[in-house]
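> Quick one: sequence plus predicted model below, questions after.
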Amino acid sequence: MTKFLFVKYNKSIVCDVCHFAKQKRLSFVISTSKSKKCFELIHVDVWGPYSIPSIHGHEYFLTMVDDYSRYMWIFVLKQKSEVVKTLENFVVFVQTQFEPRIKIISYNGTEFFMTNLFVNKGIVYQI
């Protein structure tokens, strides 16, 4: 790796341009709501497609964040259509391994119009 010793920078200063260059949207407003226990509220997002897929052909990834613990699960996907089945499997996994039920799933995308899953499991879908 080549080092450029002639480049001087201050590590304590954060460059706004770097953040804005990588960021496509403005940040969300800071939420004041907070869950009282794990799995009351799960935040979900899909990322991708990437211009270069992984060596196994994955072009997307699905993130799920528990609002209470801030624990995050990441699932790699080959196609965006895998979101529905992955989310269904996650709901069953949580019920089997942790016993509490997911009460609310929060997402701003169109992939999750899964009325049957939400109605059958008693999950509230929140945008």
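Received it, and whenever you're ready, just let me know what you need. Residues are numbered from 1 along each chain as shown.

> wait, what's in contact with the residue nearest to D45 when sequence neighbours are not counted?
Spatially, and ignoring its direct neighbours in sequence, D45 is nearest to T63 (5.1 Å; CB to CB, 6 or more residues apart in numbering). From N, CA and C alone the C-beta is placed, and that goes for glycine too. Applying CB atoms under 8 Å, 6 or more residues apart in numbering, we find T63 in contact with V44, D45, V46, W47, M72, W73, I74.

> Work out the gap between the strand or helix carrying T63 and the centre of the chain.
Using DSSP states H and E, T63 falls within strand 60-66. Its chain's C-alpha centre and that of strand 60-66 lie 3 Å apart, by CA atoms, centre = their mean, to the nearest Å.

> That strand: which residues count as buried?
Y60, L62, M64, V65, D66 (16 or more other CB atoms under 10 Å).

> mind listing what the last one touches?
Contact partners of D66, counting by CB under 8 Å, 6+ apart, are S35, C38, F39, L41, I42, M72.

> and what of the first one?
With contacts taken as CB under 8 Å, 6+ apart, Y60 has the following neighbours: V46, W47, G48, P49, Y50, V76, L77, K78, Q79, K80, E82, V83.

> which residue sits closest to it, ignoring its sequence neighbours?
Y60's closest residue in space is G48 (CB to CB, 6+ apart), at 3.4 Å.

> Which residue ranges of the protein form strands?
Using DSSP state E, the strands found in the chain span residues 41-47, 60-66, 72-77, 104-106, 124-126.

> how far off strand 60-66 does the third one point, in degrees?
Here strand 72-77 runs at 160 degrees with respect to strand 60-66, directions being taken by axes from the mean of the first three to the mean of the last three CA atoms, to 10 degrees.

> Who does the residue nearest in space to the middle of the chain form a beta bridge with?
Closest residue to the average C-alpha location of the chain: T63 at 2.7 Å, with CA atoms, centre = their mean. For T63, the beta-bridge partners under DSSP bridges are D45, I74.

> and the gap between it and W73?
7 Å (CB to CB, to the nearest Å).

> on that earlier part again, do you know how far the residue nearest to D45 is from K36?
Relative to K36, and taking CB to CB, T63 is found at 22 Å.
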